[in-house]
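**Q** Prediction below, plus the sequence it came from.
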Amino acid sequence: MLLEAGPDTPPGREPADIRDSYPGAAYFSGRYHWNDLRVAYDSWAPGDNRAPMIRRYEQARILGGGSSINGMFAVRGLKSDYDAWAGAGATGWGFDDVLPYLKKLERDTDFPDAPRHGADGPIPIRRIPRHRWPGFSRALDDALVRRGHARLDDGNGTDADGVFPFALTNWPDQRVSTAMAYLTPQVRARPNLDIVTGARVLNLMMDGRTAIGARIMRDGDERLIMARRTVICAGVFHSPPILMRAGIGPAEHLAEHGIPVLADRPGVGAHLQDHASTALAFHLRRDARIDPAARRHIFAGVRYSSGHPGCPPGDMFLTIVNRAGWHPLGAAMGSILLTVNRAFADGGTVRLASADPMAEPDVTMRFFSDRRDLDRLTAGYRMVAELIADPAVAATWNERFPSTYGEKARDLARKTFKTWWQTLVARNLMDASAMTRRWAMERLIHPPASLEEVLASEVSLEDWTRENAFSGWHAAGTCRMGAPENPRAVVDPQTRVIGVEGLHVADASIMPSVVSGNTNLTTIMIGEKTADLAAAALG
């Protein structure tokens, strides 16, 4: 039985915005999300008493999970990521161990015979070749190569730094979620599979220290679902509360909520990581813009090494964005996202706000609990500022300004006629002349600061970065996998919850550290490998 809190996406009847190759409408619509979830961003320096910034954090509530709303990027991460997992106690999860599952899940349409790729999996992977990139992406590609970056055709086929076309879970020009790829009509017809949507887990059912199923709520009615094996796949923010309410978690925290302790696991809800990012936005010249009819808007990624002490190769990433939104102004705008590809900060937490299973957890993200992440973002921002001054790149834009994904950007991302009309006016003003563009910038777009103000000093750059860094939507680590004797581990290398029987966790929360790339393919790999491990345990 597959239990899902959100709606189904029946084959051939998936909502149009889910199928759309442009992900923005589904990602920010609110129709498929945990809309009450909020994250506190405590990004300030030690001793700075400013309150954390409270922001929305888009988490999918629909069959297929994040793969049904995400950007469809299929960047695996690096060999060193998985080898570090094994070195940290996740035995059997090194790169050579997980590569067969990464290959099993994919059908790479460009490199089916390459050693690192699969040709027969359920998830199709494609790339958009350089000759189809808009002028903004092409100019940046050329400028990066002139600065010594390699030009790669396949970012997943190597761990080398370079500029490459993004691998996408997209075919022929629409999203392919895990629900679409795995839950086909043939699979749904299996007599041993029940798919139950609109179901909230109230609590796990335990017989002593053995999980025997779950108590759920559906259509206002409670039901008991009994099972020999229970696998939690509720995600980084919701898997820890399910464990905690069953008595599995930090003993002191459970006692605060009157929950009897079944297994004292202090790592439940701890070690929250994400890829901290900052952005530089552009009003593009007409000949550098994306074709308004095109649905895909991000084509190129750039993996590079910071050279910062204690950081491995490939630790930073640039994403070149050719459309800033679904609306008329968005089609005239682009951006460069700068991301800490190998994150070290893991001081974030997920805690119960209440023992009530309907309550969202308290989530705190601490992007800069490790100083290396902040230092690399600030150094990278200066590097991007130098890059866009390249004459060929500068010829593609009229204005550039520091940007972020704040609450205003999220509101603009929701489709309404009012937003369409307002952004049409703004675009026309931006396009009319330098004078009207400056007027529109100051009154309609309101950039938080000019690039010159941000880069004026190390103090101004660091303060702007702390205030404006945003999530890469790649949260990980709140139910870390490790050796059973490690008191901070939550699941063992068989993905079994330590201290109880019959219970697994299989989602991004078990990653010992967030991978150097998008988390989608790695999370699917975790599902594939856990399926084999659980089947073996059942005999």
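**A** Nice, I can see it. Residues are numbered from 1 along each chain as shown.

**Q** strand partners of the helix or strand containing V201, parallel vs antiparallel please.
**A** Under the criterion of DSSP states H and E, V201 resides in strand 199-207. The pairing partners recorded for strand 199-207 under DSSP bridges are strand 210-218 (antiparallel).

**Q** Contacts for the helix or strand encompassing V393 next, please.
**A** Per DSSP H and E, V393 falls inside helix 391-394. Under the contact criterion CB atoms under 8 Å, 6 or more residues apart in numbering, helix 391-394 has outside partners A139, L140, D142, A143, L387, I388. Every C-beta, even on glycine, is put in place using the N, C-alpha and C of the backbone.

**Q** of these, closest to N156?
**A** Minimum distance to N156 across these is 20.7 Å, recorded for L140 (CB to CB).

**Q** So what's the residue count around the closest one?
**A** The tally of other residues near L140 (other CB atoms under 10 Å) stands at 25.

**Q** which outside residues touch stretch 239-247?
**A** Applying CB under 8 Å, 6+ apart, the contact partners of stretch 239-247 are 201, 203-204, 206, 211, 232-234, 249, 253-254, 257, 259-263, 265, 268-269, 350, 352, 355, 357, 361, 478-479, 490, 497, 505, 507, 509.

**Q** Now do that stretch, average pLDDT.
**A** For stretch 239-247, mean pLDDT is 98.

**Q** That stretch: how far from the chain's middle?
**A** Relative to its chain's centre, stretch 239-247 lies at 22 Å (CA atoms, centre = their mean, to the nearest Å).

**Q** Next: stretch 72-85.
**A** 13 Å.

**Q** quick one: buried residues of stretch 530-539?
**A** T530, L533, A534 (16 or more other CB atoms under 10 Å).

**Q** Now it: average pLDDT?
**A** Per-residue pLDDT over stretch 530-539 has a mean of 86.

**Q** do the same with stretch 378-394
**A** 98.

**Q** for the stretch 101-250 of the chain, which spans come out with low pLDDT?
**A** Counting by pLDDT under 70, the stretch 101-250 of the chain shows no low-confidence range.

**Q** Please enumerate the strands of it.
**A** Along the stretch 101-250 of the chain, counting by DSSP state E, counting those that start in this stretch, strands occupy 106-108, 123-125, 162-165, 195-196, 199-207, 210-218, 221-226, 230-232, 248-249.

**Q** Point out the most buried one among those strands.
**A** Of all those, strand 248-249 has the most neighbours on average by mean count of other CB atoms under 10 Å, namely a mean of 29.

**Q** What strands line up against it, and which way round?
**A** Going by DSSP bridges, the partners of strand 248-249 are strand 263-264 (parallel).

**Q** And the contacts of the strand it pairs with?
**A** R209, G247, I248, G249, P250, A251, V497, I498, G499, V500.

**Q** Make CSV out of these and add distance to A181.
**A** Output for the contacts of strand 263-264, formatted as CSV (distance: CB to CB, whole Å):
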residue, distance to A181
R209, 36
G247, 36
I248, 31
G249, 33
P250, 37
A251, 41
V497, 27
I498, 31
G499, 34
V500, 31
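
**Q** In helices, which of the residues you listed appear?
**A** Secondary structure from DSSP state H places A251 of the contacts of strand 263-264 in helices.

**Q** among the contacts of stretch 239-247, which ones are buried?
**A** Buried members of these, counted by 16+ other CB under 10 Å: 201, 204, 206, 211, 232-234, 249, 253-254, 259, 262-263, 265, 268-269, 350, 352, 357, 361, 478-479, 490, 497, 505, 507, 509.

**Q** What's the local residue count around the residue nearest to H327 when sequence neighbours are not counted?
**A** Distances taken as CB to CB, 6 or more residues apart in numbering place T423 nearest to H327, at 3.9 Å, with adjacent residues excluded. T423 has 23 neighbouring residues, counting by other CB under 10 Å.

**Q** Let's verify F299: helix, strand, or coil?
**A** When classified by DSSP: H, G, I helix; E, B strand; the rest coil, F299 comes out as strand.

**Q** Could you measure from it over to A394?
**A** 20 Å (CB to CB, to the nearest Å).

**Q** Pull the contacting residues for P447.
**A** A281, F401, P402, S403, M441.

**Q** can you check N341 too?
**A** H275, R303, G314, D315, M316, F317, S516, G517.

**Q** how about CSV for those, with secondary structure, distance to L538 and neighbour count added?
**A** As requested, those are exported to CSV (DSSP: H, G, I helix; E, B strand; the rest coil; distance: CB to CB, whole Å; neighbours: other CB atoms under 10 Å):
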residue, secondary structure, distance to L538, neighbour count
H275, coil, 36, 26
R303, strand, 40, 26
G314, coil, 38, 24
D315, coil, 40, 25
M316, strand, 43, 25
F317, strand, 40, 23
S516, coil, 34, 27
G517, coil, 32, 27
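
**Q** Among the buried ones among the contacts of stretch 239-247, which lie within helices?
**A** Using DSSP H, the buried ones among the contacts of stretch 239-247 in helices are H253, L254.

**Q** one step back: who's more crowded, F299 and A394?
**A** Ranked by neighbour count (other CB under 10 Å), F299 and A394 place F299 first, with 26 against 13.

**Q** hang on, that one packs against F136?
**A** No: counting by CB atoms under 8 Å, F299 does not reach F136; the two are 9.9 Å apart.

**Q** picking up where we left off before, just flag the most distant two among the contacts of helix 391-394.
**A** It's D142 and I388 that sit farthest apart of these, by CB to CB, at 13.0 Å.

**Q** P328 versus A392, what's the distance?
**A** When A392 is compared with P328 (using CB to CB), they lie 27 Å apart.

**Q** more crowded one of the two?
**A** P328 (20 against 13).

**Q** any idea how far that one is from M430?
**A** 10 Å.

**Q** from what I can see H327 touches W421, true?
**A** No: if you go by CB under 8 Å, H327 and W421 don't touch, sitting 9.2 Å apart.

**Q** Same drill for these two, tell me which one is more crowded.
**A** Neighbours per residue (other CB under 10 Å) separate H327 from W421, with H327 holding more: 23 against 12.

**Q** hang on, the earlier thing: looking at the contacts of N341, spot the one nearest I195.
**A** Nearest to I195 among the contacts of N341, with distances taken as CB to CB, is G517, at 29.7 Å.

**Q** what's the nearest residue to the closest one if we skip its chain neighbours?
**A** V75 (3.6 Å).

**Q** and the nearest residue to A143 once chain neighbours are set aside, how many residues sit next to it?
**A** Excluding its sequence neighbours, the residue lying closest to A143 (CB to CB, 6+ apart) is D390, at 4.1 Å. Look at D390: counted by other CB under 10 Å, it has 17 neighbours.

**Q** wait, what's in contact with D390?
**A** D390 neighbours (CB under 8 Å, 6+ apart): A139, A143, R146, R147.

**Q** before we move on, the earlier item: for E458, state which of the contacts of N341 is nearest.
**A** Nearest to E458, judged by CB to CB, of the contacts of N341 is M316 at 18.4 Å.

**Q** Quick check, that closest one in contact with D373.
**A** No: the criterion here is CB under 8 Å, and M316 misses it with D373 at 10.4 Å.
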